[in-house]
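> return atomic coordinates for the entry below.
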Amino acid sequence: MVQTNFKKGYTIVEIMVAITIFVVIIAAPIGFLISTLKAQQKILFSQELLDNTSYAIEYMSRALRMAKKDVNQTCIGKNENYQITRAGTGIKFLNYNNYCQEFYLETGVLKEYNGGRIPNTLSLSSSNTNVLNFKIVSGGWSQADLLQPKVTLYYEAERSIAGRPELKPLIKIQTTISQRDMDINIQ
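Now for the predicted structure:
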């Protein structure tokens, strides 16, 4: 009787087929996981941009609603409510503390100048937010009438992400604000 001593094992073809099947089975969930993580990152960046933008718009809206008519010409023209500055990218007014205040766009950063007891300039947009556009539309207000002026703010910003343009969220917001302090002359 002839005995053969063959070791039982796998051929190279069987190993290659098994590896190919394994890679195909693993690649689909890994691809799904990676795309889910990218989507989550984009949502987080969008939420951060929305939070920053909402804060800036709400802060400016509150200040503009509380503005006063400048009857003594201490900040802007006599009997003016608001003054558009910086070629339409800024607005100046007398705030409720009787100090001159201005919101404006400067090199991608939304800024506030407050001429209070200690005049200062602050950034309203965060360091990772690039303000692409900030416009003030007067709505055709007349400074001489006794009607409340309306100001429309248009704000467009994106989150700055170096080298990742696919994750760069963009937001555009427009809001209209009217002044709370009535311009009615009481005699």
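
> got the residue ranges for the helices in the chain?
Here the chain has its helices, by DSSP state H, at 12-65.

> all strands of it, in order?
Per DSSP state E, the chain carries strands over the ranges 82-85, 90-94, 100-106, 109-114, 120-123, 129-137, 150-159, 170-178.

> ok, the last one: who's next to it in the sheet?
Right, the one you point to is strand 170-178. Using DSSP bridges, the strands paired with strand 170-178 are strand 150-159 (antiparallel).

> re earlier: okay, the strands of the chain, which one's buried deepest?
Most buried of the strands of the chain, by mean neighbour count (mean count of other Cβ atoms under 10 Å): strand 90-94, with a mean of 23. C-beta here means a position set from N, CA and C on the backbone, and glycine is covered the same way.

> any idea how far apart the tips of stretch 82-97 sit?
Start-to-end span of stretch 82-97 (Cα to Cα, to the nearest Å) is 15 Å.

> quick one: average confidence on it?
When pLDDT is averaged over stretch 82-97, the result is 90.

> so how far is Gln101 from the most centrally placed residue in the chain?
Geometric centre of the chain, nearest residue: Thr53, 3.5 Å, by Cα atoms, centre = their mean. Separation of Thr53 from Gln101 (Cβ to Cβ, to the nearest Å): 20 Å.

> Asn130 now?
To Gln101, Asn130 is 24 Å away according to Cβ to Cβ.

> cool, Ala157 as well?
Counting by Cβ to Cβ, the gap from Ala157 to Gln101 is 21 Å.

> low-confidence ranges, the chain, go.
Across the chain, the ranges flagged by pLDDT under 70 are 1-7, 139-147, 181-187.

> can you say which of the strands of the chain is nearest to Arg62?
Of all those, strand 170-178 sits nearest to Arg62, with 8.9 Å by Cβ to Cβ.

> off-centre distance for the closest one?
10 Å (Cα atoms, centre = their mean, to the nearest Å).

> begin at 20 from now on, thanks
Okay, using 20 as the starting number, the last item reads as strand 189-197.

> pull the residues that contact it.
Here strand 189-197 makes contact (Cβ atoms under 8 Å, 6 or more residues apart in numbering) with 65, 68-69, 72-73, 76, 80, 83-84, 151, 158, 167-177.

> one more time with 6 Å
Residues from elsewhere that reach strand 189-197 (Cβ atoms under 6 Å, 6 or more residues apart in numbering): 68, 72, 76, 80, 83-84, 167, 169-177.
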